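Asks: have a look at this prediction, sequence included:
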Amino acid sequence: MLQSRALVIALILLLSTTLPEVQSKSIFDKDRRELLAIPETIASYFYEAMNKVSPKVSQFLLDTVQSPTVVAARQRIVKEANKVSIMFEQLVEKIKSLWYTRVLGY
């Protein structure tokens with residue numbers, strides 16, 4: 001019993017020190033347009049890990065990510081993700097409005 005508590009505490013401390021960028025925000029918040037920050041953070045951790053293991057592979061990854069084709073694709077994804085995010089926010093507002101007017105009767 002004591003070992004499992006110590007393990008849980010150690011795991012919590014480990015996760016809180018290794019992933020400080022992760023914050024518990026609701027997806028329904030107005031300022032939740034940084035959905036692409038999560039994949040970029042994962043890619044950054046992956047690059048750092050590869051750089052420690054093999055600098056040649058990490059340089060290849062960096063060159064690949066900075067190629068014009070990948071940059072153009074990334075910009076297109078960012079543009080479309082922004083559109084989807086705005087549409088999602090509008091949908092949430094409509095659902096909230098319907099909830100308050102139809103269900104709760106405000």
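Replies: Thanks, I have it.
Asks: tell me where this protein has helices.
Replies: 2-18, 37-53, 55-65, 68-98 (DSSP state H).
Asks: JSON lines please, covering the ones you listed and showing distance to Leu104.
Replies: Where you see a C-beta, it was placed from the backbone N, CA and C, and this is true even at glycine. Below are those laid out as JSON lines (distance: least, Cβ to Cβ, whole Å):
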{"stretch": "helix 2-18", "distance to Leu104": "38"}
{"stretch": "helix 37-53", "distance to Leu104": "33"}
{"stretch": "helix 55-65", "distance to Leu104": "48"}
{"stretch": "helix 68-98", "distance to Leu104": "10"}
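Asks: check the ones you listed for me: which has the lowest mean pLDDT.
Replies: Of all these, mean pLDDT reaches its minimum on helix 2-18 (a mean of 57).
Asks: list the buried residues of stretch 74-88.
Replies: By neighbour count with 16 or more other Cβ atoms under 10 Å, stretch 74-88 contains no buried residues.
Asks: swap in stretch 58-75?
Replies: 58, 61.
Asks: would you mind measuring from the residue nearest to Thr64 when sequence neighbours are not counted to Thr101?
Replies: Once flanking residues are discounted, Thr64 sits nearest to Val70: 6.4 Å by Cβ to Cβ, 6 or more residues apart in numbering. Distance, Val70 to Thr101, by Cβ to Cβ, to the nearest Å: 46 Å.
Asks: could you do Lys79 as well?
Replies: 34 Å.
Asks: ditto for Ser44
Replies: For Ser44 relative to Thr101 (Cβ to Cβ), the value is 44 Å.
Asks: so who does Phe46 touch?
Replies: With contact set as Cβ atoms under 8 Å, 6 or more residues apart in numbering, Phe46 has no partners.
Asks: any idea how far it lies from Ala37?
Replies: 15 Å.
Asks: now do Gln90
Replies: 21 Å.
Asks: and for Tyr100?
Replies: 31 Å.
Asks: do the same with Thr101
Replies: For Thr101 relative to Ala37 (Cβ to Cβ), the value is 34 Å.
Asks: which residues touch Thr69?
Replies: So Thr69 contacts nothing (Cβ under 8 Å, 6+ apart).
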